[in-house]
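Peer 1: quick one: sequence plus predicted model below, questions after.
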Amino acid sequence: MKIVSLLVALTLVVGCAEKKEETQVQKPVETTNENQKANAVGGLNWEIPSKWEVDFSKPMRIATYKIDSETECGVFYFGEGQGGNIQSNIDRWIGQFSETDRTQPETNSFEVSGVKVTVLSMSGTFVPGMMSSGNPKPGYALLGAIVESEKAPVFFKLTGPENVVSGAKTDFMALLNSIKK
């Protein structure tokens, strides 16, 4: 009789444990506003252009904004004391274009909401780096921005076919001008 009672008790315990697991699996997952994550980091936030699609699938990025199948704007933030200085990042971005046909890189700086923003623009043959795959891409352009938050730089890098990047420049600049602390 003790064995039967023990088996019944054990069956109830196992059954309850299985039921508990089912209940936990079926609980609704708490959701967050993905757009909020995609437009705030390092003590800054900004407006995402309405035509741009947010994508979270790329490693090392806060977000990727897809403009079309070949054109994207990656947002990078490496944390306090990380990411390097402005000139080393500009030099690295310039180095991603073939020396034989790249345009003269243009840089300018401005302030928005008390934050310094440095913008780089250039075009030519884009040569994907170690973290990217693919062959050199002639006729590409880059719009890059380094935003100096109080914590660490936030990097915005828009690359794609030159005509698409040129068409996205107004949205890119609107994003930068929307930055707030």
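Peer 2: Thanks, I have it.
Peer 1: low-confidence ranges in this protein?
Peer 2: For the chain, applying pLDDT under 70 flags the ranges 1-37, 130-133.
Peer 1: 90 - rerun?
Peer 2: 1-37, 56-60, 80-81, 128-134, 150-151 (pLDDT under 90).
Peer 1: where do the helices sit along this structure?
Peer 2: Along the chain, the segments classed as helices by DSSP state H run 2-26, 34-38, 86-94, 162-177.
Peer 1: what about residue 105, how many residues close to it?
Peer 2: A count of nearby residues for residue 105, using other C-beta atoms under 10 Å, gives 17. C-betas here are computed from N, CA, C, even on glycine.
Peer 1: again, but for the one 10 residues further on
Peer 2: Burial measure for residue 115: 19 neighbouring residues, criterion other C-beta under 10 Å.
Peer 1: so what sits opposite the residue nearest in space to the middle of the chain in the bridge?
Peer 2: Most central residue of the chain, judged by C-alpha distance to the mean C-alpha position with C-alpha atoms, centre = their mean, is residue 63 at 2.4 Å. On the basis of DSSP bridges, residue 63 is bridged to residue 75.
Peer 1: residue 57 against residue 64, yeah?
Peer 2: Yes - the pair residue 57 / residue 64 is scored as a contact, 7.2 Å apart, by C-beta atoms under 8 Å.
Peer 1: the more surrounded of these two?
Peer 2: Taking residue 57 and residue 64 together and counting by other C-beta under 10 Å, residue 64 has the greater number of neighbours (19 against 8).
Peer 1: which residues are in contact with the closest residue to the more buried one other than its chain neighbours?
Peer 2: Spatially, and ignoring its direct neighbours in sequence, residue 64 is nearest to residue 55 (4.4 Å; C-beta to C-beta, 6 or more residues apart in numbering). Residue 55 sits next to 63, 64, 65, 66, 72 when contact means C-beta atoms under 8 Å, 6 or more residues apart in numbering.
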